[in-house]
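**Q** Quick one, fold the following:
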Amino acid sequence: MESTKTAVNAYQTVQVDAAVLGASPHELIAKLLSKAISSVGEAKGYMLNNDIPNKSGQIKIAISIISDGLRGSLDMDAGGEIAENLDALYEYMLQRLM
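**A** Got it, this is the predicted structure:
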């Protein structure tokens, strides 16, 4: 049973890697945002079941995606007002998660 689980995890990792390699920058941002939203949804489910460790883990994933992936990808010099607005939005999202 464990070897099946390991094989499935490896297959999923390969699928994710292939999707990332073939994605445009805009698609990558959309994937990151989608995963952050998914992690928050999972955290909510864990919270409703009083599963604090898994809730915390999902919140940490969302925070990492927002701070390192989304916020870290902003080009503040070239992005102008849009980058500033996104930075403020990402900061708000992080504050709400903490």
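**Q** rest of the way, CA atoms for contacts and neighbours
**A** Fine.
**Q** what's Asn85 in contact with, if anything?
**A** The contact partners of Asn85, taken as C-alpha atoms under 8 Å, 6 or more residues apart in numbering, number zero.
**Q** Over to Met76?
**A** Each residue near Met76 by C-alpha under 8 Å, 6+ apart is listed here: 83-84.
**Q** measure it to Leu86 for me?
**A** 10 Å (C-alpha to C-alpha, to the nearest Å).
**Q** Helices of the chain, residue ranges please.
**A** Assigned by DSSP state H, the helices in the chain fall at 2-21, 25-48, 52-64, 76-97.
**Q** Which one, of the ones you listed, ends up nearest to Leu70?
**A** helix 25-48 (6.6 Å; C-alpha to C-alpha).
**Q** Residue nearest the middle of this protein, spatially speaking?
**A** Ala36 (3.3 Å; C-alpha atoms, centre = their mean).
**Q** That residue is in contact with Ser67, isn't it?
**A** No - contact between Ala36 and Ser67 fails when scored by C-alpha atoms under 8 Å: they sit 10.6 Å apart.
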